[in-house]
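> predicted model, plus sequence, below.
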Amino acid sequence: MERPIVIIPTLNPLPTFVQYINALQELEIQQIIIVNDGSDLKYQPIFQELSSVNQCIVISHEENKGKGRALKTGFEYVLKHFPKTHSVLTVGAHGQHTIDDVRLILQNLKIFSNGIILGVRNFRSKDLSFINTMGQQAASLLFKLLFHRRILDTQTGLRSIPTKELPWLMKVPGESFDYDLNMLVEAIKRKIPIYEIPIGQVRIKKNSIIQYDEIVSTQKVIQQIFTNFTRHHKKNHE
């Protein structure tokens with residue numbers, strides 16, 4: 001199996017980000033593309049250091065445009081410079097995906113290379129309240145009810161995606177956290193296989209940009225599910 005390209009949308013990274021990137025390089029990956037999504041100036045030394053790291057490419061937005069837009073910037077770069085690469089792997093920048101989590105997805109990529117692989121988090125975490133845990137389960141059930149496909153973790157940022165799917169993914173609406181869910185709805189519509197691989201527990205790092213890194217309120221997730229359903233229901237009746 002050809003080594004995938006890792007794409008990391010990044011906003012105000014933690015000090016441990018450089019060490020995390022160094023650890024990623026020990027895995028079976030081809031390249032790491034870091035999209036600096038308008039981080040504050042005080043974080044620039046981190047990106048300058050990463051620019052000099054072998055296998056690393058840093059792309060910068062002058063201002064914060066949102067996680068969805070940062071992912072699309074990474075996808076566009078891969079299509080332009082690495083069009084023959086078989087797959088890309090999106091990873092969070094704030095330590096919520098351990099090296100073991102990433103390694104597990106890479107191992108499963110050898111088996112499920114024809115579709116999107118999701119690293120599904122365990123929401124029974126001490127970092128989350130009972131209400132948040134139950135809310136996530138409710139969102140998952142609602143998604144199944146409306147789209148006839150059970151997805152246990154619609155907001156996970158750890159995903160393996162075949163490069164051949166990137167052209168249509170570039171057109172999926174969503175500039176922020178909503179892009180994660182919109183991607184799955186469109187994939188289901190296109191009948192693209194979606195595989196779910198259990199990874200570690202949800203991790204919330206102090207001083208991280210929570211909404212940027214896929215921990216969003218259940219209310220917003222449920223609202224986005226309804227928005228998607230309304231949009232697709234309308235298209236089907238036009």
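Happy to help now that I have it. Since this is a predicted model, take the numbers as computed values, not measurements.

> and the helices in this protein?
For the chain, the helices identified by DSSP state H occupy 17-24, 44-51, 67-81, 99-109, 130-147, 166-169, 178-189, 218-236, in order along the chain.

> out of those helices, the one nearest V58 is which?
helix 44-51 (4.7 Å; C-beta to C-beta). Backbone N, C-alpha and C define where each C-beta goes, glycine included.

> which strands and helices sit next to that closest one?
In this structure, helix 44-51 packs against helix 17-24, strand 31-37, strand 56-61, with contacts taken as 3 or more C-beta pairs under 8 Å, 6 or more residues apart in numbering; DSSP states H and E.

> got the angle for that helix vs strand 31-37?
The directions of helix 44-51 and strand 31-37 differ by 160 degrees, with axes from the mean of the first three to the mean of the last three C-alpha atoms, to 10 degrees as the criterion.

> list the contacts for R103?
R103 makes contact with L27, according to C-beta atoms under 8 Å, 6 or more residues apart in numbering.

> quick one: low-confidence parts of the protein?
Judged by pLDDT under 70, the chain has its weakly predicted residues at 1, 123-136, 201-219, 232-238.

> if we can go back for a sec, nearest to N108, out of the helices and strands packed on helix 44-51?
Each of the helices and strands packed on helix 44-51 has some distance to N108 by C-beta to C-beta; the shortest is helix 17-24, at 17.0 Å.

> for the closest one, list every residue counted as buried.
For helix 17-24, a neighbour-count test (16 or more other C-beta atoms under 10 Å) marks F17, V18, Y20, I21, L24 as buried.

> in a markdown table: the residues you listed, plus distance to R150.
What follows is those, written out as a markdown table (distance: C-beta to C-beta, whole Å):
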| residue | distance to R150 |
| --- | --- |
| F17 | 34 |
| V18 | 38 |
| Y20 | 31 |
| I21 | 34 |
| L24 | 30 |
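
> CA atoms of stretch 110-125 as PDB?
Once side chains and other backbone atoms are set aside, the C-alpha atoms of stretch 110-125 remain, and they are given as PDB (Å, rounded to 0.1, in the frame of the first residue of the first chain):
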ATOM      1  CA  LYS A 110      -4.500  -1.600   3.900                       C
ATOM      2  CA  ILE A 111      -7.900  -3.300   4.100                       C
ATOM      3  CA  PHE A 112     -10.400  -0.500   3.500                       C
ATOM      4  CA  SER A 113      -8.700   1.500   0.900                       C
ATOM      5  CA  ASN A 114     -11.800   1.900  -1.300                       C
ATOM      6  CA  GLY A 115     -13.700   4.200   1.000                       C
ATOM      7  CA  ILE A 116     -13.500   6.800   3.900                       C
ATOM      8  CA  ILE A 117     -12.200   5.500   7.200                       C
ATOM      9  CA  LEU A 118     -13.300   7.300  10.400                       C
ATOM     10  CA  GLY A 119     -11.400   7.100  13.600                       C
ATOM     11  CA  VAL A 120     -14.400   6.800  16.000                       C
ATOM     12  CA  ARG A 121     -13.800   8.100  19.500                       C
ATOM     13  CA  ASN A 122     -15.000   6.700  22.800                       C
ATOM     14  CA  PHE A 123     -17.300   9.300  24.300                       C
ATOM     15  CA  ARG A 124     -17.300   7.700  27.700                       C
ATOM     16  CA  SER A 125     -14.600  10.000  28.700                       C
END
